[in-house]
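Enquirer: Test case, fold it:
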Amino acid sequence: MRSDQIKKGVERAPNRSLLYALGLTEEELSRPLVGIVNSYNEIVPGHMNLDKITEAVKAGVRAAGGTPIEFPAIAVCDGIAMGHEGMRYSLVTRDLIADSTEAMVMAHQFDGLVMVPNCDKNVPGLLMAAARLNIPTIFCSGGPMLSGKMQGGAQTCLSSMFEAVGAYHAGKMDEAGVQSYVENACPTCGSCSGMYTANSMNCLTEAIGMALPGNGTIPAIYSARLRLAKHTGMKIMELIEQNIRPRDIMTPAAIHNAETVDMALGCSTNTMLHLPAVAHEAGVELDLDATNAISANTPNLCHLAPAGDTYMEDLDMAGGVYAVMKELTKKGLLDETVMTATGNTMGENLKTVSNKNPAVIRPIENPYSANGGIAVLKGNLAKDGCVVKRSAVAPEMMQHQGSARVFNSEEEAITAIYGKKIRAGDVVVIRYEGPRGGPGMREMLNPTSAICGMGLGESVALITDGRFSGATRGAAIGHVSPEAAAGGVIALVEEGDTISIDITNCKVELKVSDEELERRRSCWTAPEPRVKTGYLARYAKMVSSADKGAILTL
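Expert: Numbering: from 1, shown residues only. Modelled structure (predicted):
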């Protein structure tokens, strides 16, 4: 066993004495040591139940003959961090999580791992760690929140909560109305109830093969989630025995499957940062250019919030991620030969699966659209690409041309939006919010929600080198690369410039001549870094561009 490095022989007697200090018995030390990476904390609603999930995982490990040993991972709640300096510390935790997990596992020589994440950066961070470490690993997440219910029974969720603030500033809702959303939008523990980033990534753990069926969709408060956790704990012992490792699972074909499922589900645009980063750790280079090719062949089958009015519990009842995958196999869109953490191939896993609700998961013969939920746009404004959640864009905004309203920070933009200075037809440009320039690539959920809440979601577009929450809807185009801080063309946009957006044909253009852009470039100088000390300053010096997954480079 790998853990023999710390527990076997006279040479390891000092190490063993410290394991004795933990109260571990000879019987426990004779078994595989399974690291349980617990992302529990008391500030993130999606993580407040992970103590119970972790205990259930440990019970499963013990039942199958292993010795579980728990250690922590940090987690940030993007919703709580939203709209202030704290959001700079969201994306950057992905790499802290991966690095700290690597350090713990290498120092203590575990035989296998069970990752217990839930919210936005923990899932990709721990997937990155799993691929990097390449010892038997499986995921068991905390599960999604149930949707909220307003008085009268209408379902709601966090995206409606943010849009309520915009409605208040537009004079369409009073404080009592906002408070009603506060009290009802997030009714349980779990990752927020729409197809936002956390649920997108948890669903993709199934699609990529690193979790058991149901991991992405079983609600956090259901007892089925505890049963899943116990079965996950049992399953890691099989993976250790068979020596099935993450890189046996996260192959190029499996990552292609994940991108295909991403398109069918209509996942968050943040997956376009996280999948390339995970692939990179697995030794697979994932080019953003491949995204549109996959999207062109993959029908969009789901419109969960914010794209529609169904929620994660509805997807679960309809058969979950596997039911979506079963639809995709009807047209041969998935590689069913890939190995999964069940110990079986994807095809074997899907044999008995069916779509239980065609209103939630459209049959592949009757999709919402013939192409996938995410598009990568290119043009002179984004030479290396930018992304949009196409499935959450109103039909009338699929093509849009308007005057640029230029802001050098999220705060400047939100002040203008709430001050009613944005008009129908405008294109709001928010720059210097990229991975390096932010630093940290903040999510722009507040500006997009303000635009929608004020009734401008079908007439105003937003373009940024920052990113968006999965709760964002509308013509919100993010990840513009190169970013402004790196001298990308977005840094050269001036107030009143015409910007043309053609989501259907994957194009975005600044209607300014090359000669004029060169003149502007000759006058441009990079701004002083916003942050000059601490982790963010180090991050800004090491981070790659968004089109490369915002990975840290040596």
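Enquirer: Assign a three-state SS to the closest residue to M441 other than its chain neighbours, would you?
Expert: With C-beta to C-beta, 6 or more residues apart in numbering as the criterion, M441 has its nearest non-adjacent residue at 4.6 Å, and that residue is P435. In this view, the C-beta of every residue, glycine as well, is placed from N, C-alpha and C. Using DSSP: H, G, I helix; E, B strand; the rest coil, the structure places P435 in coil.
Enquirer: what's P435 sitting at in phi/psi?
Expert: Summarising the backbone geometry of P435 under the convention degrees, to the nearest 10, its torsions are phi -60, psi -40.
Enquirer: Determine how far whichever strand or helix holds L19 lies from the middle of the whole chain.
Expert: Taking DSSP states H and E as the criterion, L19 maps to helix 13-21. Averaged C-alpha coordinates place helix 13-21 at 40 Å from its chain's average position (C-alpha atoms, centre = their mean, to the nearest Å).
Enquirer: Can you pull out the residues in contact with it?
Expert: For helix 13-21, the surrounding residues in contact (C-beta atoms under 8 Å, 6 or more residues apart in numbering) are 6-7, 29.
Enquirer: Tell me the one of those nearest H256?
Expert: I6 (38.0 Å; C-beta to C-beta).
Enquirer: if I pick the residue nearest to M441, what's in contact with it?
Expert: Shown here is P435, whose contacts under the criterion C-beta under 8 Å, 6+ apart are 91, 441, 483, 539-540, 543-546, 550.
Enquirer: Those residues in helices, which ones?
Expert: Secondary-structure check on the contacts of P435 using DSSP state H: residues within helices are 539-540.
Enquirer: just the strands in this structure please.
Expert: Defined through DSSP state E, the strands belonging to the chain, from first to last, are 33-38, 67-72, 112-116, 137-139, 148-149, 155-156, 374-379, 382-389, 399-407, 427-430, 461-464, 476-481, 498-502, 507-510.
Enquirer: These: which one's closest to M201?
Expert: Comparing those by their distance to M201 (C-beta to C-beta), the top pick is strand 137-139, with 9.9 Å.
Enquirer: Which elements pack onto that closest one?
Expert: Under the contact criterion of 3 or more C-beta pairs under 8 Å, 6 or more residues apart in numbering; DSSP states H and E, strand 137-139 touches strand 112-116, helix 122-133, helix 223-242.
Enquirer: Tabulate these (JSON lines), appending mean neighbour count.
Expert: Below are the helices and strands packed on strand 137-139 laid out as JSON lines (neighbours: other C-beta atoms under 10 Å):
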{"stretch": "strand 112-116", "mean neighbour count": "29"}
{"stretch": "helix 122-133", "mean neighbour count": "28"}
{"stretch": "helix 223-242", "mean neighbour count": "20"}
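Enquirer: With respect to K172, which of those lies nearest?
Expert: Shortest separation from K172 across these is recorded for helix 122-133, at 35.5 Å, computed as C-beta to C-beta.
Enquirer: Can I get the strands of the chain in a markdown table including mean pLDDT and distance to M173?
Expert: Output for the strands of the chain, formatted as a markdown table (pLDDT from 0 to 100; distance: least, C-beta to C-beta, whole Å):
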| stretch | mean pLDDT | distance to M173 |
| --- | --- | --- |
| strand 33-38 | 98 | 39 |
| strand 67-72 | 98 | 40 |
| strand 112-116 | 99 | 38 |
| strand 137-139 | 98 | 39 |
| strand 148-149 | 96 | 16 |
| strand 155-156 | 94 | 13 |
| strand 374-379 | 96 | 31 |
| strand 382-389 | 97 | 25 |
| strand 399-407 | 98 | 24 |
| strand 427-430 | 98 | 22 |
| strand 461-464 | 98 | 22 |
| strand 476-481 | 97 | 22 |
| strand 498-502 | 98 | 29 |
| strand 507-510 | 98 | 33 |
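Enquirer: any chance of these in TSV, plus distance to Y535?
Expert: Supplementary listing: the strands of the chain in TSV, determined by distance: least, C-beta to C-beta, whole Å:
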stretch	distance to Y535
strand 33-38	21
strand 67-72	18
strand 112-116	23
strand 137-139	26
strand 148-149	35
strand 155-156	36
strand 374-379	30
strand 382-389	26
strand 399-407	26
strand 427-430	23
strand 461-464	23
strand 476-481	22
strand 498-502	34
strand 507-510	32
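Enquirer: Isn't D335 up against A254?
Expert: Yes. D335 is within contact range of A254, at 7.5 Å (criterion: C-beta atoms under 8 Å).
Enquirer: hang on, F468 packs against G478?
Expert: Yes. Distance between F468 and G478: 4.9 Å, which falls inside the contact criterion (C-beta under 8 Å).
Enquirer: tell me, what's touching the two both at once?
Expert: By the contact definition C-beta under 8 Å, 6+ apart, F468 and G478 are jointly contacted by 269, 444.
Enquirer: and Q155, how far is that from Y311?
Expert: 6 Å (C-beta to C-beta, to the nearest Å).
Enquirer: now K149
Expert: With C-beta to C-beta as the criterion, K149 and Y311 are 11 Å apart.
Enquirer: So the two - more neighbours on which side?
Expert: The residue with the greater number of neighbours, taking K149 and Y311 and applying other C-beta atoms under 10 Å, is Y311; the counts read 25 against 13.
Enquirer: That one contacts S191, correct?
Expert: No. With contacts counted by C-beta under 8 Å, Y311 stays clear of S191, the gap being 11.6 Å.
Enquirer: coming back round to it: nearest to I463, of the contacts of helix 13-21?
Expert: For the contacts of helix 13-21, the minimum distance to I463 (C-beta to C-beta) is 52.0 Å, reached by I6.
Enquirer: Is that closest one in contact with F110, as I believe?
Expert: No. If you go by C-beta under 8 Å, I6 and F110 don't touch, sitting 9.4 Å apart.
Enquirer: tell me the contacts of the residue nearest the centre of the chain?
Expert: Residue closest to the average C-alpha location in the chain (C-alpha atoms, centre = their mean): T197, at 3.5 Å. When contacts are counted by C-beta under 8 Å, 6+ apart, T197 is found next to 78, 120, 268, 270-271, 469-470.
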